[in-house]
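Q: Provided below for reference: sequence and predicted model.
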Amino acid sequence: MKSRELHVAAAVSCCNNCIFCLDRIGGKLCYRGHDTKIVPLTSLAELRRELVASAGKVSEVAFTSGEPTLNKDLPRMIASAKAAGHRRILLITNGWGLADPSFCGKVIANGLSVANVSLHGHTRRLHESHTRRPGSFDRTTRALANLGRLKRTHDFTFNIICVLTKLNLGNLSRMLAFFSRFRPAAIQLNAAIPEGNALERIGEVIPRYRDVARELARCAAQIRAMDGFLYMQHMPECLFAGTAELFDPGKFIRFNENAIVGRSDRVTERPRKVKPASCRTCVHDASCEGVWKAYIDRMGWGEFRPVRAAASTLPAPARNRSGRPSGATRGRPARRGKPRAVPS
Ligand code: SF4
């Protein structure tokens, strides 16, 4: 079964220092300062051998880790993936390097199929209160403008990924309106995860998930009218009991399967999530992955109430043979027109 992903650690550090960053390389947060020397984790020759060996065996090659666009060899890495026969080539980025039109053009022309670009606010102040890097809002929005221009002539998709925190949640409607101007195929919202930097400042960063669900419900009409898809993950269905009918199910999709596949240095999320015994009475128990243990340790279970069959307004998720929602991959929006489940 072609379900494994190949993650290429294309850079060892990041130019941003996001308040919720959970990327770790070698056991350390990837942020090591703005003047860090960028060293590819593998030589191009070694990477080519890996790409050829994995062709036909993985469903996707993802360039990630730190900020991959800091590596000037990224266009050549993408070309190597394409030449090896990989069909879905993903870039997970904060957009820093893509602000340069020439670099962005090479990344796309060399065969990228999907760019997931992180943007956490509709204003410089809001976005940079998350990234803690002056200039990052301009770089990211220029990257999105470059991708929008290239979209007219090249066959690829780009999506906007936004982490919802206590700082930006109250601006959800304004952010959705701003993000839509770039005409991404999808906007993916991730509730901040209590790990890494966010765990250290959990009280300031992590919003209550019930508040996230409420804000989404307030934006339901706006979401229904949006051009592209909206994805949300890490949110148990019980939070949407009684409001799910507000959303267009083809547009507002929740994914509960976040097991990580592929040769990533990350570990599966499931052991870090918990469910109380009362969840056994919930109609979503089988598909629900539970809630981050660190979140429950701090916030408790009060907002998560088992849903009885009659009260449920959510359609049961389609399952594939592995028991996952059909087509689910970890946190990535799929191409427009082919809703496929979407991490981080
Ligand atoms: S199983 Fe538990 S956490 Fe999941 S949706 Fe139901 S009540 Fe919420």
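A: Cool, the structure landed.

Q: can you tell me the SS state at Gln188?
A: Judged by DSSP: H, G, I helix; E, B strand; the rest coil, the three-state class of Gln188 is strand.

Q: bridged to it, which residues?
A: For Gln188, the beta-bridge partners are Ile161, Tyr231 (DSSP bridges).

Q: is it true that it touches Cys162?
A: Yes - with contact defined as CB atoms under 8 Å, Gln188 counts as touching Cys162 (7.2 Å). Every residue, glycine included, has its C-beta placed from N, CA and C.

Q: which residues do those two both contact?
A: The contact sets of Gln188 and Cys162 do not overlap (CB atoms under 8 Å, 6 or more residues apart in numbering).

Q: for the residue nearest to Gly85 when sequence neighbours are not counted, what are its contacts?
A: Nearest non-adjacent residue to Gly85, counting by CB to CB, 6 or more residues apart in numbering: Ala55, 4.2 Å away. Contacts were defined as CB under 8 Å, 6+ apart; by that measure Ala55 touches 84-86.

Q: closest one of these to Ser118?
A: His86 (23.0 Å; CB to CB).

Q: just the pLDDT for the closest one.
A: Looking at His86, its pLDDT reads 94.

Q: tell me the SS of it?
A: coil.

Q: where along the stretch 201-344 of the chain do the helices fall?
A: Assigned by DSSP state H, counting those that start in this stretch, the stretch 201-344 of the chain shows helices spanning 202-205, 209-218, 220-225, 293-299.

Q: can you give me how far the second one is from the chain middle?
A: So that's helix 209-218. Distance of helix 209-218 from the chain centroid (CA atoms, centre = their mean, to the nearest Å) equals 19 Å.

Q: buried residues in it, which are they?
A: Using 16 or more other CB atoms under 10 Å as the test for burial, helix 209-218 gives 209-213, 215-217.

Q: would you turn the helices of the stretch 201-344 of the chain into TSV with mean pLDDT?
A: Converted to TSV, the helices of the stretch 201-344 of the chain look like this (pLDDT from 0 to 100):
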stretch	mean pLDDT
helix 202-205	88
helix 209-218	94
helix 220-225	91
helix 293-299	90
